[in-house]
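# have a look; sequence and predicted model below, questions after that.
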Amino acid sequence: MRVLVACEFSGVVRDAFRTRGHEAWSCDLLGPDDMPEAFRSQAFPNYHYEGDVRAFFDLGWDLLIAHPPCTYLASSGLHWTTRGLRDPRLTEDALAFVRDLLAAPVARIALENPVGCISTRIRKPDQIIQPWQFGHAESKTTCLWLKGLPTLVPTDVLPVPASGRWANQTPSGQNRLGPNPKRWAERAKTYQGIAAAMADQWGA
């Protein structure tokens, strides 16, 4: 299959498909030199388009997996807009980009994002997944909007820890990752178990 992974700088999903024999490319406004070194792909670093993914829609893809930036879409940050502290046009532009991704001329499309305004402004997700369903003892509610694809089947469901919270959570349930220059990259990176499930199940 020819697979385009949109808005991916880490190469995790791209590499999962490539190791299974597919012709997969990632695309992002960031190039390899812009990425924190710890998050650069070591397996297939050259299979990356730098630029607006919409410019590459017409290259004959069988599958598009999109990870649009959630900064202006996620519920966790929308309070800045509703309180009048952020230009609402930023969210409108982000939603327009999501619509472009979902309308791409590709037969199979998966778009992922946290809980946010895509659900209320465009449509509800087809599936909600967690890393702990795919072998990672962490929590990160991830919504999937699908076209021409089945929902993902969990591959390794872990039991809830005795503490009642996952490895990446504070006692109050918030993410333990404190402010640091690499926080954005760490939060955006797809979990390996989820990427493997995408490649195994959607690449079949």
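Nice, I can see it. Numbering: from 1, shown residues only.
# SS state for the residue of the chain most remote from its centre?
If you look at how far each residue of the chain sits from its centre, by C-alpha atoms, centre = their mean, the farthest one is residue 162, at 28.9 Å. Residue 162 carries the three-state label coil when classified by DSSP: H, G, I helix; E, B strand; the rest coil.
# likewise for the one 5 residues further on?
Assigned state for residue 167: coil (three-state reduction, three-state DSSP).
# skipping adjacent residues, who's closest to it in space?
When the adjacent residues along the chain are set aside, residue 167 lies closest to residue 137, with 4.6 Å between them (C-beta to C-beta, 6 or more residues apart in numbering). C-betas here are computed from N, CA, C, even on glycine.
# if I look at that neighbour, how far off is residue 153?
19 Å (C-beta to C-beta, to the nearest Å).
# how far away is residue 138 from residue 70?
17 Å.
# cool, residue 189 as well?
Taking C-beta to C-beta, one finds residue 189 at 13 Å from residue 70.
# where in this structure is pLDDT low?
Applying pLDDT under 70 to the chain flags residues 32-43, 170-188.
# residue ranges of the strands in it, please?
2-6, 23-28, 48-50, 63-66, 108-113, 127-129, 142-147 (DSSP state E).
# what's near enough to touch the residue most central in space within the chain?
With distances taken as C-alpha atoms, centre = their mean, the residue of the chain nearest its centroid is residue 67 (3.6 Å). Residues near residue 67 by C-beta atoms under 8 Å, 6 or more residues apart in numbering: 5-8, 13, 111-113, 188, 190.
# Throw those into a markdown table and include neighbour count, thanks.
Formatted as a markdown table, these follow (neighbours: other C-beta atoms under 10 Å):
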| residue | neighbour count |
| --- | --- |
| 5 | 31 |
| 6 | 26 |
| 7 | 21 |
| 8 | 27 |
| 13 | 26 |
| 111 | 24 |
| 112 | 22 |
| 113 | 22 |
| 188 | 15 |
| 190 | 23 |
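# nearest to residue 83, of the residues you listed?
Of all those, residue 83 sits closest to residue 113, with 21.7 Å by C-beta to C-beta.
# state the distance from the closest one to residue 75.
Using C-beta to C-beta, residue 113 is found at 10 Å from residue 75.
# same deal with residue 2?
Relative to residue 75, residue 2 is positioned 34 Å away (C-beta to C-beta).
# longest helix in the protein, please.
If you go by DSSP state H, the chain has its longest helix at helix 88-102.
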